[in-house]
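Colleague: Predicted model and sequence below, questions to follow.
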Amino acid sequence: MFRSVIVRSSSSAKQSLLRRSFSSSSVPERKVAILGAAGGIGQPLALLMKLNPLVSSLSLFDIANTPGVAADVGHINTRSEVVGYMGDDELAKALEGADLVIIPAGVPRKPGMTRDDLFNINAGIVKNLSSAIAKYCPHALVNMISNPVNSTVPIAAEIFKKAGMYDEKKLFGVTTLDVVRAKTFYAGKANVPVAEVNVPVIGGHAGVTILPLFSQATPQANLSADVLTALTKRTQDGGTEVVEAKAGKGSATLSMAYAGALFADACLKGLNGVPDVVECSYVQSTITELPFFASKVRLGKNGVEEVLDLGPLSDFEKEGLEALKPELKSSIEKGVKFANQ
Ligand SMILES: NC(=O)c1ccc[n+]([C@@H]2O[C@H](COP(=O)([O-])OP(=O)(O)OC[C@H]3O[C@@H](n4cnc5c(N)ncnc54)[C@H](O)[C@@H]3O)[C@@H](O)[C@H]2O)c1
Ligand SMILES: O=C(O)C[C@H](O)C(=O)O
């Protein structure tokens with residue numbers, strides 16, 4: 001179809017106009033940058049973003065090993081051009097012109113650690129990367145994967161505020177893996193096809209701050225209170241389950257890359273004007289008294305279009321919501337304090 005439009009037009013100016021308007025109305029150019037692209041999440045995420053036809057330029061940044069990852073992924077015969085960037089001197093080039101920046105940079109947990117135990121190392125990494133984003137691609141959407149997400153998102157927000165370019169619609173904590181897990185675990189217990197399952201997950205991304213709303217799960221299933229309690233706990237402990245199974249070799253990487261690619265795809269669809277794109281994400285929010293909170297979010301051309309209400313909660317979920325607030329509040333405050341010291 002594209003080729004026949006070009007062949008039939010007469011002048012070359014007309015051809016190029018047609019080419020531009022045809023291609024921009026179908027699939028716009030989109031640059032996606034991954035920071036931490038040579039890591040356990042970064043590599044499979046780079047692969048999945050290379051497979052995404054919405055991406056025209058894939059920028060792979062890390063402090064080490066990106067040339068190899070970029071050469072490898074770059075041989076795949078899909079739409080995007082791939083460029084690897086290594087070291088702080090190349091960070092500006094990696095970011096310039098980016099529409100979406102995905103951040104899985106930083107250290108993962110080992111058995112016995114909480115996500116908050118990563119704060120001392122990852123907070124500094126996120127602070128530096130956020131300063132660079134503020135400088136080189138201030139209008140990009142940012143998908144924060146680096147833990148502790150409950151604190152790294154507030155850190156990025158504070159850095160962006162200091163730089164005078166903060167737009168709360170453009171900053172997202174990636175909690176999609178919690179949704180992916182809740183769907184998988186629910187489908188197993190409810191004995192329904194997993195592809196049909198939807199489960200919102202609210203709150204944050206650590207332990208009890210992860211609150212799946214199985215009362216709103218579809219398709220509906222009549223699960224006992226004990227089963228719902230066990231499903232909730234398994235979703236909250238999903239990350240720890242992987243950390244323990246990997247026995248010192250890191251945390252979830254493959255399922256996270258899948259979840260990160262799903263969320264990035266939703267962001268790109270929103271940017272491209274696809275209607276009714278709704279995903280859960282940890283964003284600046286007023287639906288509770290906490291300044292950041294994960295809930296369903298409608299994505300649009302400017303990022304967050306609408307933070308959706310929580311909807312009706314069961315008594316068990318209402319208790320879970322009250323129980324998560326103190327920990328989430330203190331993680332947010334820790335991030336804000338760090339960014340401002
Ligand atoms: N949000 C979630 O649901 C979720 C899920 C899984 C893991 N995580 C988090 O993602 C992070 C990464 O996990 P991983 O398993 O990929 O770790 P990893 O150690 O395998 O990879 C991290 C990568 O970050 C790079 N890096 C370090 N400092 C950097 C900097 N300043 N700039 C750019 N890159 C830098 C490292 O070189 C490495 O390649 C961890 O903090 C982990 O806890 C979050
Ligand atoms: O559990 C972790 O440390 C990594 C990640 O947050 C996860 O949920 O798998």
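Modeller: Happy to help now that I have it. Ligands and ions are numbered 1, 2, ... in the order given.

Colleague: which regions of this structure lie under the pLDDT threshold?
Modeller: 1-25 (pLDDT under 70).

Colleague: so what's Glu90 up against?
Modeller: Contacts for Glu90 (Cβ atoms under 8 Å, 6 or more residues apart in numbering) come out as Phe61. The C-beta positions use only the backbone N, C-alpha and C, and glycine is treated the same way.

Colleague: what secondary structure does it sit in?
Modeller: helix (DSSP: H, G, I helix; E, B strand; the rest coil).

Colleague: Next, work out how far apart it and Phe61 are.
Modeller: 7 Å (Cβ to Cβ, to the nearest Å).

Colleague: who's in contact with Arg115?
Modeller: By Cβ under 8 Å, 6+ apart, Arg115 lies in contact with Arg109, Asn147, Pro148, Val149, Asn150, His205, Ala206, Gly207, Gly239.

Colleague: Can you add neighbour count and give the residues you listed back as a markdown table?
Modeller: As requested, the contacts of Arg115 are exported to a markdown table (neighbours: other Cβ atoms under 10 Å):
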| residue | neighbour count |
| --- | --- |
| Arg109 | 23 |
| Asn147 | 27 |
| Pro148 | 27 |
| Val149 | 26 |
| Asn150 | 32 |
| His205 | 28 |
| Ala206 | 21 |
| Gly207 | 17 |
| Gly239 | 25 |
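
Colleague: can those residues go into JSON lines with extra columns for distance to ligand 1 and secondary structure?
Modeller: Shown next, in JSON lines, are these (distance: Cβ to the nearest ligand atom, whole Å; DSSP: H, G, I helix; E, B strand; the rest coil):
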{"residue": "Arg109", "distance to ligand 1": "6", "secondary structure": "coil"}
{"residue": "Asn147", "distance to ligand 1": "3", "secondary structure": "coil"}
{"residue": "Pro148", "distance to ligand 1": "8", "secondary structure": "coil"}
{"residue": "Val149", "distance to ligand 1": "5", "secondary structure": "helix"}
{"residue": "Asn150", "distance to ligand 1": "10", "secondary structure": "helix"}
{"residue": "His205", "distance to ligand 1": "6", "secondary structure": "coil"}
{"residue": "Ala206", "distance to ligand 1": "10", "secondary structure": "coil"}
{"residue": "Gly207", "distance to ligand 1": "13", "secondary structure": "helix"}
{"residue": "Gly239", "distance to ligand 1": "6", "secondary structure": "helix"}
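
Colleague: between those residues, which is nearest Ala70?
Modeller: Of all the contacts of Arg115, Ala70 sits closest to Asn147, with 25.0 Å by Cβ to Cβ.

Colleague: and the residue in the stretch 201-341 of the chain that ligand 1 sits nearest to, how many neighbours does it have?
Modeller: Closest residue of the stretch 201-341 of the chain to ligand 1, Cβ to the nearest ligand atom: Met256 (3.9 Å). Met256 has 23 neighbouring residues, counting by other Cβ atoms under 10 Å.
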